[in-house]
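**Q** here is a sequence with its predicted model. Questions after.
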Amino acid sequence: MAGLRLYNTLTRSVDEFIPQDPQRAGMYCCGPTVYNYAHIGNLRTYVFEDTLRRTLRLNGYTPFHVMNITDVGHLESDADEGEDKMVKGARREGLDVWQLARKYETAWLADMALLNIERPEVICRATEHIDDMVALVERLLERGLAYVTSDAVYFDTGRFPRYADLARLDLHGLQAGAGGRVSQQGAKRHPNDFALWFMGRPRHIMQWDSPWGRGYPGWHIECSAMSMKYLGATIDIHCGGVDHIQVHHTNEIAQSEGATGQPFVRYWLHGQWLLIDSEKMSKSGENFLTLKTLCDRGYDPLAYRFFCFQAHYRSELRFTWEALDAAQQGLRRIYSMDPSDDPIKEPAERADARAEVLDSLNNDLNIPQMVGLLNRIGSPALWLEFDAVLGLDLAARLAQRDADVPQEIQNIVDQRNEARKRRDWSESDRLRDELTAMGYDVADTPRGTEIRKRVI
Ligand code: AMP
Ligand code: ZN
């Protein structure tokens, strides 16, 4: 029986997953830049990462999951250009940058909880790790991989031969500004070089002392410093959205491997876009939807989680309200299952079905196929078991649905049965509406009125 296999952006193939420590699987995921609410595209990426950590656990590994909060240093373009996103956000809202960061970090944590995304073992704020970043920059300078100019300390990409590997960049063909990947600005020597530490920018609000002058860290150094602090020089898994391959993760590898001389990451995993109107949803664009908007329109947050399972994490997923509707209907069907009615009775048959479902999951997290199989097999026991990965809160919702009916509700049911005996249909209808308004689905059966608590 094959174990877990994952598509590795570094090798461009689906590779067997073997962690360094047979028990523990370390993973680092690039977290939010907290200058605005997360949009549902960001949340798609976090749902994917959550299913990965749950899959690791199902395979017997204990996940050790680290996620950063970028609360400084992420400029408007990944190519070190423009204003810090935090500074811009603070001006927009009339808050100071620290208040802004806390506001959106809290909102993000609430969204994560609503989506049943398990809390990573470590959530670390960039602003609380400035010393680690400064130490890493010093190390790179010592090793001759960085240089100091009047406006920043830059990484010298020409001194790092594997720079093009992850993204398979054509460094000779690339020109500054051409694809938007890099730009020639400031005092750097080469367009591919990137800032590790910015200084001489008195208008920037968040500043710290450093051996090179007061300033602030570049965005890429945050992730190298914090991931290695909590997970060591070599990390099992590193995740993020596909947008990070070309610049952010390429730069993280250069910084980390440049400093330690060790391989930085063994498996790189990247989640594809959520699209809306055929475009990538983005925080800076106006097309962004938040989880709150979905909830305000009457959707259960877990319907969005279930919607994410419509596509493999490496495929684009197009958001439409119709598709979200269909996901909510699908989830409603799942929540109406009857666990006492399982088509699979034989243990051997169950073991075969379980192995088939697990294999689709272990095949690079093919969750759409796994959900299809679970639907086809129709075994509540298997749904409940694999909900450890799907995170649809199945056991809790079924328990809520089947909880004892409170006496006041039972009284209405009894009154309605009486009314029906008297053939008082208008009273019967009135009592049905009352029950519906109190959150129950009502059915007329030969045994009389039957009710079931609505849980979605
Ligand atoms: P940010 O807060 O902008 O730094 O992004 C947080 C995470 O969301 C990163 O891993 C991004 O790659 C990812 N991301 C950004 N936009 C989208 C999108 N439209 N669909 C899926 N993931 C996205
Ligand atoms: Zn990162």
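**A** Happy to help now that I have it. Numbering: from 1, shown residues only. Ligands and ions are numbered 1, 2, ... in the order given.

**Q** what's the closest non-adjacent residue to the residue of the stretch 51-200 of the chain at minimum distance from ligand 2?
**A** In the stretch 51-200 of the chain, the residue that lies nearest ligand 2 is Asn68 (6.3 Å; C-beta to the ion). Every C-beta, even on glycine, is put in place using the N, C-alpha and C of the backbone. Leaving aside its chain neighbours, Asn68 sits nearest to Gly31 (4.6 Å; criterion: C-beta to C-beta, 6 or more residues apart in numbering).

**Q** give me the local confidence score for that neighbour.
**A** Gly31 carries a pLDDT value of 96.

**Q** same deal with His172?
**A** Per-residue confidence (pLDDT) for His172: 68.

**Q** repeat that for Asp84.
**A** Note on Asp84: pLDDT of 79.

**Q** ditto for Gly94
**A** Value listed for Gly94 in the pLDDT field: 88.

**Q** that older thread, who are the contact partners of the residue nearest to Asn68?
**A** By C-beta atoms under 8 Å, 6 or more residues apart in numbering, Gly31 lies in contact with Met67, Asn68, Ile69, Thr70, Ile123.

**Q** who in the protein is up against ligand 1?
**A** Contact residues, the chain versus ligand 1 (C-beta under 6 Å from any ligand atom): 30, 32-33, 41-42, 44-45, 240-241, 243-244, 271, 273-274, 280-283.

**Q** report the buried members of these.
**A** 30, 32-33, 41-42, 44-45, 240-241, 243-244, 271, 273-274, 280-281, 283 (16 or more other C-beta atoms under 10 Å).

**Q** quick check: Val122 vs Gly31, distance?
**A** Distance of Val122 to Gly31, given as C-beta to C-beta, to the nearest Å: 11 Å.

**Q** mutual contacts of these two, please.
**A** By C-beta under 8 Å, 6+ apart, the residues touching both Val122 and Gly31 are Met67.

**Q** which two of the contacts of Gly31 have the greatest separation?
**A** Thr70 and Ile123 (11.8 Å; C-beta to C-beta).

**Q** what about these two, which has more around it?
**A** Thr70 (21 against 16; other C-beta atoms under 10 Å).

**Q** and that one, what are its bridge partners?
**A** Thr33 (DSSP bridges).

**Q** contacting residues around it?
**A** Gly31, Pro32, Thr33, Val34, Ala126, Trp219, Glu222.

**Q** okay, these in CSV with distance to Ala355 next?
**A** Shown next, in CSV, are those (distance: C-beta to C-beta, whole Å):
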residue, distance to Ala355
Gly31, 35
Pro32, 37
Thr33, 41
Val34, 42
Ala126, 43
Trp219, 43
Glu222, 42
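
**Q** where do the helices sit along the stretch 51-200 of the chain?
**A** 85-93, 97-114, 130-142 (DSSP state H, counting those that start in this stretch).

**Q** least reliable of those helices going by mean pLDDT?
**A** When I compare the helices of the stretch 51-200 of the chain, helix 85-93 is least confident, with a mean of 85.

**Q** show residues contacting stretch 275-285.
**A** 33, 35-36, 39-42, 76, 273-274, 287-289, 316-319.
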